[in-house]
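Chemist: Let's see this in three dimensions:
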Amino acid sequence: MSNHISSKPHERLKIFVLSPHRDDAAFSLSLSIGAWLRDGHSVTIVNVFTRSLYAPYSDADSVHENDRLSYVSAMRKKEDEDFLKHIPGATMIDLNIKDAPLRLHCSSDIVCDMPVDPKDGAFAKIHKALARHTSVPGAALVLPLALGHHVDHRVARDASLPLSADLPCAFYEDLPYATRDGVSIDLQRFREDVDAKYHEHLHPVVCYHSSSIAWKRTVALGYTSQIREDIADLVSDFAHRYHGNERIWANDAFIKLAKADHLGRVDKHPESLPA
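Modeler: Model (predicted):
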């Protein structure tokens, strides 16, 4: 089997990757995004919660409280702009929605433990924006699985999920959350929910690329306000379980494209996430 997807796709697709926060697409899909771009598709990363005070490894605490939101948000935008330099041709759209601590008035320590509020105004904003951008011929959608239960990831995924019924759609394994124990149960439950609600069975697809795991680590380390080297190691080393690649979970429409060598190869012997 060739270790890459076709260099001459039959159809140029417009792939929209939903990234709850600025680093999520880079951590989880940088190799795949590079592969899709190389094969002639367009990729637009839709950043959802881009207004944030969260920058634990920065000098944000030295900034006056009144200026901290704009300072951190600008810092994180610069990190994203640097990421784009690694994947020339990709574009980004920012929805400018507040992240959970700002929007829900909670501590960042509990964002993976709190329930989703169905009255959260972010739902309508995300759905409306994504529906508008994907209403073009050749659109395909890539969403987070929301492994790890981060409330922003769950809101972003659930707000976008109804669109998956009409589009080629796949879901990525959120990093670094996918490295945690127990997330295989979350994945299985989500697959069962999608099957029950939308009659779609999600299939594993491995996205092949020409970049290295070391390159992915370098990309992750570009988000210096968010992680240290140990987390960058987790993010990059996760690709070893797929022989240096990344895996997504795709609906039937996406699988048809994958089988035509447009977006990856169906994984006939999927490895489990950590138990």
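Chemist: for the stretch 1-150 of the chain, what spans make up the strands?
Modeler: 14-19, 42-47, 91-94, 139-144 (DSSP state E, counting those that start in this stretch).
Chemist: ok, the first one: who's next to it in the sheet?
Modeler: Applying DSSP bridges, strand 14-19 is found paired with strand 42-47 (parallel), strand 139-144 (parallel).
Chemist: Near Glu65, how many other residues are there?
Modeler: Applying other CB atoms under 10 Å, we find 8 residues neighbouring Glu65. The way it works is simple: take the backbone N, C-alpha and C, and place the C-beta from them, glycine included.
Chemist: Could you measure from it over to Val72?
Modeler: Between Glu65 and Val72 the distance is 12 Å, computed by CB to CB, to the nearest Å.
Chemist: following the helix or strand harbouring Asp193, which helix or strand comes up?
Modeler: In this structure, Asp193 is located in helix 183-198 according to DSSP states H and E. Taking DSSP H and E as the definition, the helix or strand that follows helix 183-198 towards the C-terminus is strand 203-207.
Chemist: What residue, apart from its backbone neighbours, is nearest Phe190 spatially?
Modeler: Nearest non-adjacent residue to Phe190, counting by CB to CB, 6 or more residues apart in numbering: Leu145, 6.1 Å away.
Chemist: which of the strands paired with strand 14-19 is buried the deepest?
Modeler: strand 139-144 (a mean of 26; mean count of other CB atoms under 10 Å).
Chemist: from the middle of its chain, how far away would it be?
Modeler: Taking CA atoms, centre = their mean, to the nearest Å, one finds the center of strand 139-144 at 9 Å from the center of the full chain.
Chemist: low pLDDT regions in the chain?
Modeler: Scanning the chain for pLDDT under 70 picks out 1-10, 261, 268-275.
Chemist: Out of all residues in it, which is the farthest from the middle?
Modeler: Distance from the C-alpha centroid of the chain, by CA atoms, centre = their mean, peaks at His64 (31.9 Å).
Chemist: And that one, how far from Lys78?
Modeler: Counting by CB to CB, the gap from His64 to Lys78 is 20 Å.
Chemist: Give me the angle between the longest helix seen in the chain and strand 14-19.
Modeler: Ordering each helix of the chain by length in residues (DSSP state H) puts helix 65-86 first. Counting by axes from the mean of the first three to the mean of the last three CA atoms, to 10 degrees, helix 65-86 lies at 140 degrees to strand 14-19.
Chemist: Now tell me what touches helix 65-86 from outside.
Modeler: Residues outside helix 65-86 that contact it (CB atoms under 8 Å, 6 or more residues apart in numbering): 22-23, 26, 30, 34, 47, 50-55, 58, 60, 63, 90-92, 94, 102, 215, 218-219, 222-226.
Chemist: any chance of the strands paired with strand 14-19 in CSV, with distance to Arg157 too?
Modeler: Shown next, in CSV, are the strands paired with strand 14-19 (distance: least, CB to CB, whole Å):
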stretch, distance to Arg157
strand 42-47, 12
strand 139-144, 5
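Chemist: got the buried residues for stretch 152-163?
Modeler: Asp152, His153, Arg154, Val155, Ala156, Arg157, Asp158, Ala159, Ser160, Leu161, Leu163 (16 or more other CB atoms under 10 Å).
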